[in-house]
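Visitor: generate a structure from the sequence data that follows.
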Amino acid sequence: MQGMKLHAHNWPIKSEKRKYTIRKSGKSGKSGLIQLIRNTAFEPSFFKDKKKELEKCLSEITMAFILK
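Guide: Below you'll find the model as predicted:
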């Protein structure tokens, strides 16, 4: 299973905060599926300032290579 570092659980009820789980690459969850974590996300259709999102994505890719 692949996804981002934080997994958001169900939308909160009005009075509750949203709950998150931190995923770790290579670990398996309750279902036994192995977690693969993306280093970055690039979804330009979600944002007005596409150049800013591109720069953020490239910065995160650079950091992933630096940290190996």
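
Visitor: how is the protein partitioned into domains?
Guide: Per the record, the chain has its domains at 1-37, 40-68, by automatic domain parsing.

Visitor: if I average pLDDT within each of these, which one is lowest?
Guide: Lowest mean pLDDT within these: domain 1-37, at a mean of 74.

Visitor: how about the domains of the chain in a markdown table, adding mean neighbour count?
Guide: In short, each C-beta sits where N, CA and C put it, glycine included. Below are these laid out as a markdown table (neighbours: other C-beta atoms under 10 Å):
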| stretch | mean neighbour count |
| --- | --- |
| domain 1-37 | 10 |
| domain 40-68 | 11 |
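
Visitor: mind listing the strands for the chain?
Guide: For the chain, the strands defined by DSSP state E cover 2-3, 6-8, 20-22, 36-37.

Visitor: of all the ones you listed, which one is nearest residue 44?
Guide: Comparing the strands of the chain by their distance to residue 44 (C-beta to C-beta), the top pick is strand 2-3, with 19.1 Å.

Visitor: residue 51 and residue 57: what is the separation?
Guide: Applying C-beta to C-beta, to the nearest Å, one obtains 11 Å for the distance of residue 51 from residue 57.

Visitor: I'd like the strands of the chain laid out as CSV, including distance to residue 46.
Guide: Listed next are the strands of the chain as CSV, based on distance: least, C-beta to C-beta, whole Å:
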stretch, distance to residue 46
strand 2-3, 16
strand 6-8, 15
strand 20-22, 19
strand 36-37, 20
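
Visitor: residue 64 is nearest to which of those strands?
Guide: Set against residue 64 and scored by C-beta to C-beta, the strands of the chain come closest in strand 36-37, at 10.4 Å.

Visitor: partner strands of that closest one, with direction?
Guide: strand 2-3 (parallel) (DSSP bridges).

Visitor: straight-line length of stretch 23-35, end to end?
Guide: Distances were taken as C-alpha to C-alpha, to the nearest Å; on that basis the terminal residues of stretch 23-35 are 7 Å apart.
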